[in-house]
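S.K.: sequence? don't have it. structure:
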DNA sequence: TTGAAAGCGCTAACAG
DNA sequence: CTGTTAGCGCTTTCAA
């Protein structure tokens, strides 16, 4: 089929070892022969067989990225960052997506034992202690993104701070009846965002009211449109006692919530102000004030850390948490000049 | 490091050939020994080394998917379909993304010569004749999705029909001054959508006016927000002569166009009706009437065809074009009961 | 420096 | 049926 290292060797009139040295920038080769070999390589348009190289080198030049597809579109930015950075290292990305039917662990197991990849990136997905320990013990490179485990490298976002800022923003605007629509508490971002919300209330001497807190129970993890829609409906059914502002723990839920508000014939922000979390692309079109997560940067950093692990340059545990920042649009009553 | 086939063989007290047979469901093995081997495999939690397997079998169990990230979010659905289907075949997906700095051809070359994958899926990206011929000649499995080349398998969408239906819809609503905002004509979807638009006008005895046609010139290929924003501005600057309805060749451009319309203080659909193309998730929130493309199904089919090629079951050229269908929301003056 | 040869871990052909 | 052996295409000693 395609040419092998033997074809190149023959053409250049050298041994295969020499060809290999030429390819791998091995110094143990004279300039002349190197040129000769390179010439043969060019003429044959020879490319080393990736698998054979991988087998011999004991490294694959591939990393796995496991993402949850049901999470919505917010990981796209992350993926862009990952891709861009990964190609700098001349690595390839294998994408595994997890949905309700496939469990994360299948892929973790695969990634760990099949030797197909040199490392893995786990996105927005929980890893249980058993696997965390496995990875940790085996020293197999892994970094968690938008997920946290004490034993592993992780890159996260300041969920608590973000929720605090979001809630604080509502308070500064004069609101005191502030609700929250959250995802399932089994996810740690959901827990932390709840903490931030509560802390902001407390710091401002506003009493936390159970009835103002909605924990979505629809769908996978509650971070979806339908959940936001239902959640807001429940809040609106409180009638005169309903909150005048709501912190919603994801933009996608906020989108559903907006629909519910519209169906009730209410207006945003006059009747009810909302602030979201994530800053997905859609947020701009919804005019949604929200907490921006630097997904692209997180993706980049994740790759850098993973590469440091793979190359063995740096084996220390690494934890980084990015701050989120408030993006003010129209859903809280502010109206800044729109950027195009 | 991790166990090899030799460890299993030793443990089971058989030769490595027998282990291999057990793994690969080779019939030339007695049930008893197979059980014995499988037991050893389980105890060792042995997993065959993917690269070694690939090298020996001359197949990698991986396919490459090359996507343009600048195209926006519409390929996410496609990716979901691809992923879901690919895992049924126990294949892995390598994702390459092309942006302005990397050219498609780098990846095509890689995919073709590096033997890292058994086949490739090219998404929404043009392939030049030279490469098309290369792939065609080499018999290397490739299928184009949302892109077309006569020499290769391709799965597309009926762009012309879609544009026709979209324009026709506007005409039926009574519009006669109908504009179009299109992407760069170098992309074939853009060309075909223009044809469909023109044909609809012609069939209804409406004169095509050059001034009503905007070819976006901003950004990569014109299929982006900014392009839609600028395009709509130019249309609105026509003043009283401006169109009363516009067919916009992608939802993402429509999003930009909507912004422009709002800035002019005009209302949709009263002052100007618009219909988009793609039906990306955001369209629902924009209340955008648009042409829906069955991305998920396209992704599935693409994988099925690719696998048929890889397995050699079917080597005929395959062309399939999916119909798009009109999704009526609010941007044209219809208002159907909202689905939640 | 260079060529030859020994793996990397597996599959498949070949004897038995 | 089963064990042995020869590759798959490359990297990396080891002598020369």
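M.R.: Received, thanks. This structure is a prediction, so every number in the text was calculated from the model and none was measured.

S.K.: What residues of the helix or strand harbouring residue A:189 count as buried?
M.R.: Here residue A:189 is covered by helix A:188-203, with elements defined by DSSP states H and E. The neighbour-count criterion (16 or more other Cβ atoms under 10 Å in any protein chain shown) identifies A:189, A:190, A:191, A:192, A:193, A:194, A:196, A:197, A:198, A:199, A:200, A:201 as the buried residues of helix A:188-203. Any C-beta I mention is one placed from the backbone N, CA and C, and that applies to glycine too.

S.K.: Please state the mean pLDDT value computed over it.
M.R.: Summarised as a single mean, pLDDT over helix A:188-203 is 95.

S.K.: Just name whatever secondary elements whichever helix or strand comes after it is in contact with.
M.R.: Towards the C-terminus, the helix or strand next in line after helix A:188-203, according to DSSP H and E, is strand A:213-215. Here strand A:213-215 is seen to pack against strand A:178-182, helix A:225-236 when contacts are counted using 3 or more Cβ pairs under 8 Å, 6 or more residues apart in numbering or on different chains; DSSP states H and E.

S.K.: Partner strands of strand A:213-215, with direction?
M.R.: When pairs are called by DSSP bridges, strand A:213-215 turns out to pair with strand A:178-182 (parallel).

S.K.: I'd like the distance from the strand it pairs with to the chain centre, please.
M.R.: How far strand A:178-182 lies from its chain's middle: 24 Å, per Cα atoms, centre = their mean, to the nearest Å.

S.K.: Quick one: work out the angle between that strand and helix A:188-203.
M.R.: Strand A:178-182 and helix A:188-203 meet at an angle of 170 degrees, taking axes from the mean of the first three to the mean of the last three Cα atoms, to 10 degrees as the criterion.

S.K.: ok and strand A:178-182 relative to helix A:225-236, angle-wise?
M.R.: Angle of strand A:178-182 versus helix A:225-236, following the same axes, to 10 degrees, is 150 degrees.

S.K.: on that earlier part again, TSV for the helices and strands packed on strand A:213-215, including mean neighbour count and mean pLDDT?
M.R.: Conversion of the helices and strands packed on strand A:213-215 to TSV gives the following (neighbours: other Cβ atoms under 10 Å in any protein chain shown; pLDDT from 0 to 100):
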stretch	mean neighbour count	mean pLDDT
strand A:178-182	27	97
helix A:225-236	23	94
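
S.K.: quick one, which of the ones you listed is nearest to residue B:309?
M.R.: helix A:225-236 (37.7 Å; Cβ to Cβ).

S.K.: Do that closest one and chain B come into contact?
M.R.: Yes - using Cβ under 8 Å from any Cβ of the partner chain as the criterion, contacts between helix A:225-236 and chain B involve A:226, A:229.

S.K.: Touching that helix from outside, list them.
M.R.: Applying Cβ atoms under 8 Å, 6 or more residues apart in numbering or on different chains, the external contacts of helix A:225-236 come out as A:179, A:181, A:183, A:212, A:214, A:216-219, A:242-243, A:246, A:248, A:250, A:252-261, A:264, A:266, B:340.

S.K.: If we check DNA strand D, which of the residues you listed are in contact?
M.R.: Filtering the contacts of helix A:225-236 for proximity to DNA strand D (criterion: Cβ under 7 Å from any atom of the strand) leaves nothing.

S.K.: Tell me the buried residues within those.
M.R.: Buried by 16+ other Cβ under 10 Å: A:179, A:181, A:183, A:212, A:214, A:216, A:218-219, A:242-243, A:246, A:248, A:250, A:252-261, out of the contacts of helix A:225-236.

S.K.: show me where pLDDT drops low in chain A?
M.R.: Filtered on pLDDT under 70, chain A yields the residue ranges A:1, A:70-73, A:100-102, A:219-220, A:334-340.

S.K.: can you do 50?
M.R.: Applying pLDDT under 50 to chain A flags residues A:335-340.

S.K.: Surely residue A:313 is in a helix?
M.R.: No - Residue A:313: not assigned to a helix; according to DSSP: H, G, I helix; E, B strand; the rest coil it is coil.

S.K.: do you know how far it is from residue A:304?
M.R.: Using Cβ to Cβ, to the nearest Å, one gets 11 Å for the distance from residue A:313 to residue A:304.

S.K.: Those two: which is more packed in?
M.R.: For residue A:313 against residue A:304, the residue with the higher neighbour count under other Cβ atoms under 10 Å in any protein chain shown is residue A:304, and the figures read 18 against 8.

S.K.: Would you mind naming the helix or strand containing the more buried one?
M.R.: Counting by DSSP H and E, the element that carries residue A:304 is helix A:295-311.

S.K.: what does that helix rub up against?
M.R.: By Cβ under 8 Å, 6+ apart, the list of residues contacting helix A:295-311 from outside reads A:59, A:63, A:74-75, A:77-86, A:89, A:91, A:118-121, A:141-143, A:145-146, A:153, A:155, A:157, A:314-315, A:318, A:320, A:322.

S.K.: Put the buried members of these into a ChimeraX selection.
M.R.: Of these, the buried ones can be selected in ChimeraX as follows, counting by 16+ other Cβ under 10 Å:
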select /A:59,63,74,75,77,78,79,80,81,82,83,84,85,86,91,118,119,120,121,141,142,143,145,146,153,155,157,318,322
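
S.K.: what are the phi and psi angles of residue A:292?
M.R.: Note on residue A:292: its backbone torsions stand at phi -90, psi 130 [degrees, to the nearest 10].

S.K.: Let's verify residue A:320: helix, strand, or coil?
M.R.: Taking three-state DSSP, the label given to residue A:320 is strand.

S.K.: Find the closest residue to chain B in the stretch 151-300 of chain A.
M.R.: residue A:282 (4.9 Å; Cβ to the nearest Cβ).

S.K.: who's in contact with that residue?
M.R.: With contacts defined as Cβ under 8 Å, 6+ apart, residue A:282 is in contact with A:73, A:251, A:252, A:255, A:288, B:281, B:282, B:285.

S.K.: Quick check: the fourth one touching residue A:286?
M.R.: Read it as residue A:255. Yes - contact criterion Cβ atoms under 8 Å: residue A:255 and residue A:286 qualify, at 6.2 Å.

S.K.: Are there residues contacting both of these two? Which ones?
M.R.: Listed contacts common to residue A:255 and residue A:286 are residue B:285; contacts here mean Cβ under 8 Å, 6+ apart.
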